[in-house]
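1. Build me a model:
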Amino acid sequence: MTATARSRHAETESPLTLLYPDLEGELKTTRRVLERVPDGNNEWRPHEKSMTLGGLATHLAHLPGFGIAMLTSDEFDPMKRPPSAKPANTEERLKLFGEVSEKLRELLSELTWDQTKVVWRIKSGDRVFMEGPRGVMLRSALITHMAHHRAQLGVYLRLLGVAIPGSYGPSADEPFP
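-> All right, here's what the predicted structure looks like:
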């Protein structure tokens, strides 16, 4: 395929298809890890400076909602965000994760190439912490961020003696599905 043909092909494909072909796999793997979080351990943490198990699992369950914020506004100020749901257990976290993941999929299916180029930023007041084209920020601040916290949660689960599901291949506990 020539460069011109590749360029025309890219223009007819959606941003979701070309920029985030791994999104479904990331969401499925994240759900499998969240399913393993044992109830009754919300306050457990591996170290005094670490997030609690419940806090980390809840943050991970909320992350697709961060993608929703990225797709529905041009900036995010964490100091001005509305109160978020505080699920008490794994069932509630999975319900939240399912709801925000479905909305994220819907919005990403409507994402245009022009929208991927708009600068998106995280800021507090006048201080900008991160900014870049929305398409790039969705990759780094959503998908990569989700994988980071999923791995962190995997360490917590390992320390609690919980079997870890495979992510990008088999885990020490089970073969890749």
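
2. which one is the residue nearest the centre of the chain nearest to, not counting chain neighbours?
-> Taking C-alpha atoms, centre = their mean, the centroid of the chain lies closest to M146, which sits 3.6 Å from it. Spatial nearest neighbour of M146, excluding adjacent residues (C-beta to C-beta, 6 or more residues apart in numbering): L63 at 4.9 Å. Placement of C-beta: from N, CA and C, glycine included.

3. Surely the one you found is in contact with T144?
-> No. At 10.7 Å, L63 does not count as touching T144 under the criterion of C-beta atoms under 8 Å.

4. These two: who's more crowded?
-> Per other C-beta atoms under 10 Å, whichever of L63 and T144 has more neighbours is L63, with 23 against 11.

5. which ones are touching that one?
-> Contacts for L63 (C-beta atoms under 8 Å, 6 or more residues apart in numbering) come out as T30, V100, L142, H145, M146, H149.

6. Compare the residues you listed and tell me which is most surrounded.
-> Counting neighbours by other C-beta under 10 Å, L142 leads these with 24 neighbours.

7. Thanks a lot, catch you later.
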